[in-house]
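> Let me see the structure of the following:
(chains A and B)
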Amino acid sequence: MQCASVKLKFLIKTIYNPCYCCAWLLYYLLKDFLQRFRMSTNDVRVRFAPSPTGQVHIGNIRTAIFNFLFARNQGGKFILRVEDTDIERSTPEAIAKLFEVMQWLKLEVDEEPVYQTSLAGAHLEAAEKLIAKGDAYKFAKGEGGEEATLYRIPIDVESLNFVRKVGAQSVALHPDKDFIAGPEGISYALISKKGKAVPLEACLAGFQNLKLFNEDNDCIFELVPNLEAILSGERFIIDAAVRAEYDRYEVFFDDLVKGQLAKPLDSMKDLVIVRSNGTPVFHLANVCDDASQAISHIIRGDDHVENTYRHIFLFHSLGYDVPKYAHLPMIVNASGKPYSKRDGDAFVGDFKAKGYIAQALFNYLTLLGWSPGDDREKMSLNEIIKAFDITRVKSAAAQMDMNKLFNLNGQYMEEMPFTDFYSKVADELAQYDWFDSENTGYNHQVAALLQSRTKLFSQVDAWKYFYSNEYELNAKLIRKNLSRDGVISALSALAEKLSSPEYFASKELLESIVAEIGEANGFANGKLNLPIRLTVSGSNSGADLYETLLLLGAECVSSRLARAAGILEMVSAE
RNA sequence: CACCCCAUCGUCUAGUUGGCCUAGGACACAGGGUUUUCAUCCCUGCAACACGGGUUCGAAUCCCGUUGGGGUGACCA
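Numbers count the residues shown, from 1 in each chain, chains lettered A, B, ... in the order given. Coordinates of the predicted model:
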C-alpha cells in the first residue's frame, strides 16, 4: 500500500511537473479516496480458533469476545474455526457446548464455521512445498527414530523485512562442551556466572557469519564456507573453541496491544511441523488455515507470542502476507495465578449455571484488560462496539473480580424487562419442589416484588417462604429478636387480629393495624417490623414488609405469626 | 537454566506526545444519613504509582539496574 502510494506520488509529480502544488493536492485527494475505498471494501477478517476439548474456558471466551468486538468495530468478518484435529480429546459434546456458549453470549459468526480436520490435506501439501523449496527437512532425533519434518528458520535473512541486524556478538564458550554445527542447527554451551556449562541449542540462522576461536585466538571454524556441506547433511564438531563471534539478528513485529516485540534468532530453534507419525503440528496447521481463510488480524492469548516469531517465518516461506497480531493478556485467578481446572468459575458454563446474565458477563469480560478511556463501565453492546479499540487493551494480566461481576449483574437484572426476568426466574424456580408453576398470577406478583433486589438468578432459592411453611430460619436473629419481652405476645395478638382478611385490603390499612397492635403492646412504631419479618420469612432481609404480608395473605400470615412461640422454641433448642 | 513479556489502591482500571496528578473512577470494605422494615439512594472515609539509580527546571509517564510475576523452550494447542 505504502509502496503504491509512493509510486502514485511519483507518477503524478512527473505528469504535473510544472505545478507541484496541484500534484500534492491531487495526491492527497487520491490517497484519501483510496483509503475510503479500502474502508468500504473492508478486508478485516478475524477468527476465534478454539480446540473443543471439554468446557469453554473463561479466558478463551474473552478472546472470542475481543475478536468479535474488533470485527464489529472495523466492519470486518468474525469467523469461527474449530481446531478439532486432536481426535482423542475433541468431542461432539464439546463442540455443542462451544456453540451453546457462543449463542448464549450472542457471539454471532459471519461465515459458516470451519472445521480444521476438513483442511488437513492442505497442511501436508504445505509441508511438501516447504521441503521442495528447501525450507524444511526431515530429521530423526536420537537413534532409530522415525523422521519428523522440521521447518528451518531461513538462513538468508537479509531480504526479510521482519528480520533486522542487532549487532556483532562475541561470547565465551564453555571449553568442556563441543560446539556442534549440523543440518538441524547448532548446539553449544555458554559459561554461567558460577562457571558451569549452560547448554544451548539454536537454529543455523541465529549465527550469521559465525567464527569460532581457540585459546590462542586463532579462527578455527567459519560457518559460511561450510554452510553448503552442513545443509547437505555434514556435521561439524569443534572441541577447542572458547569464543564465538557472529552477527546477531532478530525477528520483530508490531503487536497491536504490546507494541513492538522482538526475539533474537540465536534463541530460536527449528521447529517440528509434521510429526514422525505423519500428522501436521499446530504451527503448520494454524498458519495454513489463517492464510487460506485470509485472516487479516490474529487476536489471541498472550501465551502465543513465542509462537508468533516462528509463524511469521512460516507465513513468509509459504508465500503469504504476514497478518497483524494482537496478543491479549491472560486472565488469572483470585491468587494471581493462571486459571486451572481446580479453581472453579473457570468455565463459561459455571457462570451461566449460577444465574449470571449473558450481557453482564459479556460486559464484565470486556472490562478485563480494556476500558473505553472514560468512566463508562456498564455499556450496551453498541456502545462497546463503537468504543472498542484493540490498541487500548492493557498488556498486563487481569484478575477476575467476582464482586464486581456480581454488582454489574445486579445492574442488568434491575433494568431487565419484567417479562424476561419472569421467564428466567420461572425456569430457575422450576427445579424446586416447593415451587408451584401453575399459580402464575401469584408467581408474577412475587417476581415483581423481588426483581429489584435480585442480583443473581440463583438467589431465587431464598423465595421459598412465599411458597412453603418449611422455609429456612435464621436461628441467631430469631433467638435475639423474638425473645425480647412482650414480642411473642404482641405477635400472637397480631396473629389473632390479622386472621380476618379484611385488613389485607391495602398496605396502608395493614400498616395501621400493625402500628395499633404494637402500640397496645408497648412497641413504638416500626419496632415490630423485624420480629414480624423473621417470623413469616425466617430472614431479616427481603422485600418491603407490608407488600410481602399482603402477598402472603391473611391465612398464611396469621398462622405463621401464631406459631412464633413455637419457632422461637425450635431455634432455641438447636 | 536460556529467551520473551509484564508491573498504579485488596480487585478492575484512568493516566499513554513528561508538568492540568497533593494520582481520578468503579467494585469491595468501614462509618454516617434518607426510608416505620428490606432493598435502593446520598455523603464521608480507607487505600496504589514494586524497589534503586539516572535524564530533566520538573517523571506514574523516558533510560538503566534489581526484585517479583507470567509465557515459551523439537513432535500439546
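
> outside of stretch A:64-80, which residues touch it?
With contacts defined as C-beta atoms under 8 Å, 6 or more residues apart in numbering, stretch A:64-80 is touched by A:39, A:42-50, A:102, A:105, A:107-111, A:113-114, A:293, A:295-297, A:299, A:326, A:328, A:362, A:365-366, A:370, A:384-386, A:388-390, A:393. (C-beta placed from N, C-alpha, C; glycine too.)

> what's the closest non-adjacent residue to A:Asp280?
Not Asp; residue A:280 is Pro. A:His123 (3.8 Å; C-beta to C-beta, 6 or more residues apart in numbering).

> Quick one: residues contacting the one you found.
Counted by C-beta under 8 Å, 6+ apart, A:His123 has contacts A:274, A:280, A:284-285, A:288.

> If we ignore the residues flanking it in sequence, what's nearest the residue of the stretch 201-350 of chain A found nearest RNA strand B?
RNA strand B sits closest to A:Arg275 of the stretch 201-350 of chain A, with a gap of 3.0 Å, by C-beta to the nearest atom of the strand. Leaving out its chain neighbours, the residue that sits closest to A:Arg275 by C-beta to C-beta, 6+ apart is A:Ala148, at 5.7 Å.

> hmm, back to that, among the contacts of stretch A:64-80, which are in reach of RNA strand B?
A:Trp370 (C-beta under 7 Å from any atom of the strand).

> Just the buried residues out of the contacts of stretch A:64-80, in ChimeraX syntax.
Buried members of the contacts of stretch A:64-80, defined by 16 or more other C-beta atoms under 10 Å, are picked up in ChimeraX with:
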select /A:44,45,46,47,48,49,50,102,105,107,109,114,293,295,296,297,299,326,328,362,365,366,370,384,385,388,390,393
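
> taking the contacts of stretch A:64-80 one by one, which sit in helices?
A:39, A:102, A:362, A:365-366, A:384-386 (DSSP state H).

> By pLDDT, rank those residues and give me the bottom one.
When the ones in helices among the contacts of stretch A:64-80 are compared on pLDDT, A:Met39 comes out lowest, with 48.

> Show me which residues of the stretch 1-150 of chain A sit near RNA strand B.
A:51, A:83, A:85-86, A:139-141, A:145-146, A:148, A:150.

> if you set the cut-off to 10 Å instead, what comes out?
Applying C-beta under 10 Å from any atom of the strand, we find that the stretch 1-150 of chain A lies next to RNA strand B at A:49-53, A:60, A:81-90, A:116, A:139-142, A:145-150.

> from those residues, which ones fall inside strands?
Among these, the residues falling in strands (DSSP state E) are A:81-82, A:139, A:148-150.

> Just give me the closest of the residues you listed to RNA strand B.
A:Ala148 (3.7 Å).

> I figured A:Ser489 hits A:Asn521, correct?
Yes. Between A:Ser489 and A:Asn521 there is a contact under C-beta atoms under 8 Å: 6.4 Å.

> So which of those two has more stuff around it?
Neighbours per residue, other C-beta atoms under 10 Å: of A:Ser489 and A:Asn521, the larger number sits with A:Asn521, 18 against 13.

> where's that one relative to RNA strand B, distance?
14 Å (C-beta to the nearest atom of the strand, to the nearest Å).

> List the residues that contact that residue.
By C-beta under 8 Å, 6+ apart, the contact set of A:Asn521 is A:486, A:489-490, A:493.
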